[in-house]
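**Student:** what's the 3D shape of this:
(one chain, ligands or ions: 1)
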Amino acid sequence: MVYAAEDDPLCYPGTTVLRNKLNIGDQNKLDEFELALFLTRADEEVPAGNLDYDHYKAIHHHLFQDIYEWAGEVRAIRIGKGGNWFCYPEYIDQEMRKIFSGLAEADYLCGLAIEDFAVRAAHSLAEINAVHPFREGNGRTQLTFLAMLMENAGFSFNADALERERVLDAMIESFAGDEMLLAELILDIGKP
Ligand SMILES: Nc1ncnc2c1ncn2[C@@H]1O[C@H](COP(=O)(O)OP(=O)(O)OP(=O)(O)O)[C@@H](O)[C@H]1O
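**Tutor:** Numbers count the residues shown, from 1 in each chain. This next block holds a predicted model:
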């Protein structure tokens, strides 16, 4: 069954506004407060961890703990964007475990030249995006995780390369199976 956002129990009845700790029912106002609270948390030390699935959830929890009760928890409804449906909720855990065991087996992409790192990291990021484990906040968690992965592998993180449209295009292309734009983006981010 495909759920309309209006039927989402995480939303206020009859709306597509996510229930939130601030009890804001207006989407524009929620966006404003969500961004401010997110930025404050993003500025803090992100929780340390092993770059595994639990760590990934802890990063989401850290970033969104002030806004959503379910921060750090995976979603229970089906969602999609721009006609692309993400992983069905019943398969999220197993798919995420697969992705993270792949990263662990590859030693979290340490010891690679930036060109190779970019290709491998693009693949992991594309897979994580295709799963889209959380109801909201996936993009920001993806980029925070990428920054940690790059730092762990000894690369710099040039946030200036993160132009919004460019990230979006690269992600959408990756969903369609072409990870080249995403790899090029990561290459630019990692340029010293
Ligand atoms: N049509 C699409 N197909 C595949 N991925 C998409 C599509 N549209 C957006 N995305 C990706 O989904 C992620 C955004 O997911 P979500 O809205 O849960 O995160 P967010 O952090 O709240 O938003 P944002 O990343 O826009 O700040 C981004 O990585 C974005 O590139």
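**Student:** Please make it C-alpha for all contacts and neighbour counts, starting now.
**Tutor:** Fine.
**Student:** so where do the helices sit in the protein?
**Tutor:** Residue ranges of the helices in the chain, as given by DSSP state H, are 27-43, 53-64, 92-105, 114-131, 138-152, 164-175, 180-190.
**Student:** Dump the ones you listed into a markdown table; add mean neighbour count and distance to A71 as well.
**Tutor:** Converted to a markdown table, the helices of the chain look like this (neighbours: other CA atoms under 10 Å; distance: least, CA to CA, whole Å):
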| stretch | mean neighbour count | distance to A71 |
| --- | --- | --- |
| helix 27-43 | 14 | 12 |
| helix 53-64 | 21 | 4 |
| helix 92-105 | 15 | 16 |
| helix 114-131 | 21 | 17 |
| helix 138-152 | 18 | 11 |
| helix 164-175 | 16 | 23 |
| helix 180-190 | 21 | 26 |
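**Student:** K81 is nearest to which of those helices?
**Tutor:** Closest of those to K81 is helix 164-175, at 9.5 Å (criterion: CA to CA).
**Student:** That closest one and the ligand, are they touching?
**Tutor:** Yes. Helix 164-175 reaches the ligand (CA under 6 Å from any ligand atom) through 167-168, 171-172, 175.
**Student:** Please convert the helices of the chain to JSON lines, extending it with mean pLDDT and distance to G82.
**Tutor:** Converted to JSON lines, the helices of the chain look like this (pLDDT from 0 to 100; distance: least, CA to CA, whole Å):
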{"stretch": "helix 27-43", "mean pLDDT": "97", "distance to G82": "19"}
{"stretch": "helix 53-64", "mean pLDDT": "98", "distance to G82": "23"}
{"stretch": "helix 92-105", "mean pLDDT": "98", "distance to G82": "20"}
{"stretch": "helix 114-131", "mean pLDDT": "98", "distance to G82": "13"}
{"stretch": "helix 138-152", "mean pLDDT": "97", "distance to G82": "15"}
{"stretch": "helix 164-175", "mean pLDDT": "97", "distance to G82": "9"}
{"stretch": "helix 180-190", "mean pLDDT": "97", "distance to G82": "18"}
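**Student:** so which of the residues of helix 164-175 next to the ligand comes closest to V119?
**Tutor:** M171 (13.5 Å).
**Student:** follow-up on the earlier one: now render the helices of the chain as TSV, adding distance to N84.
**Tutor:** Shown next, in TSV, are the helices of the chain (distance: least, CA to CA, whole Å):
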stretch	distance to N84
helix 27-43	23
helix 53-64	22
helix 92-105	16
helix 114-131	9
helix 138-152	15
helix 164-175	8
helix 180-190	17
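**Student:** wait, which of those is closest to L18?
**Tutor:** Of all the helices of the chain, helix 27-43 sits nearest to L18, with 8.4 Å by CA to CA.
**Student:** Which other helices and strands does the closest one contact?
**Tutor:** Judged by 3 or more CA pairs under 8 Å, 6 or more residues apart in numbering; DSSP states H and E, helix 27-43 is in contact with helix 53-64.
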